[in-house]
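1. Predicted structure and sequence below. I'll ask about it afterward.
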Amino acid sequence: MTALFDLRAISVKFGNTSALKDCNLCIHAGERVALVGANGSGKSSLLRVFHGLLKPSAGEIAIAPPAAQAMVFQRPYMLRASVLQNLALGMWLRGTHWAAAKLQALQTLERLGLGDLGTRNARTLSLGQQQRVALVRAWALGPQVMLLDEPTASLDPAGKHEVERLMAEFADSGMTLIFSSHNLGQVKRLASRVIFLEQGRIVADLLTHDFFNGPLPMAAENFLNGESR
């Protein structure tokens, strides 16, 4: 398998605070990787390092070219425009003629079951609808890698189901999926590999079955037991 990301002794500091500490990690094409851990454990920082939004304070990162990728944040930003225009703008900025971009955006929405939202103002949508639109908007640009930061946080069960459906569809198409989550049921359903972080360190890196069936380092075991109550 092709190595998309190769992190070697990566550390990230904000002043005197360490967000990531001496992280070694290799992620290959086609993997579905879940980042788990308590709040402040370094999950979001690691995603931002992958996406080039954070520069490591120490260590090296190699990203295999071409590594076309997209990142969807926990609270996606929607332009004050229709859902269709939100999708088309990204394509237009990449050089697609505006009329063709609108047609592609419409076809994308219809293909992924969101055609009824096309004319709606994106900022008036529910949080769950906005998250789905953000996923589709990112997918429409044709990334090889999708990075997702808590993609279903604060969503109701129906919203979570729809977002997970899209994530599974993207992964089944061969896209590499890297996502942070506190929802362990979601991790079981979607991930092939689980990385557990504590205080900026990678404590466990296991296949999903092995993570949930042990044995685990004590910190990961305590987290899993606590989250399962």
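-> Perfect, I can see it now.

2. Report the beta-bridge partners for Leu35.
-> Ser180, Ile195 (DSSP bridges).

3. so what secondary structure elements neighbour the helix or strand harbouring Asn24?
-> Taking DSSP states H and E as the definition, one finds Asn24 inside strand 17-28. Based on contacts counted as 3 or more C-beta pairs under 8 Å, 6 or more residues apart in numbering; DSSP states H and E, the elements that strand 17-28 packs against are strand 3-14, helix 43-50, strand 176-180, strand 201-207. C-beta here means a position set from N, CA and C on the backbone, and glycine is covered the same way.

4. buried sites along that strand?
-> Ser18, Ala19, Leu20, Lys21, Cys23, Leu25, Ile27 (16 or more other C-beta atoms under 10 Å).

5. which residues touch the fifth one?
-> Read it as Cys23. Cys23 is in contact with Leu7, Ala9, Ile10, Ser11, Gly42, Leu46, Gly59, Gly200, Arg201, Ile202, counting by C-beta atoms under 8 Å, 6 or more residues apart in numbering.

6. before we move on, what about the third one?
-> The contact partners of Leu20, by C-beta under 8 Å, 6+ apart, come to Ile10, Ser11, Val12, Gly42, Ser45, Leu46, Val49, Pro56, Gly200, Arg201.

7. Which residue, neighbours along the chain excluded, lies closest to it?
-> The spatially closest residue to Leu20, leaving aside those adjacent along the chain, is Val12, at 4.2 Å (C-beta to C-beta, 6 or more residues apart in numbering).
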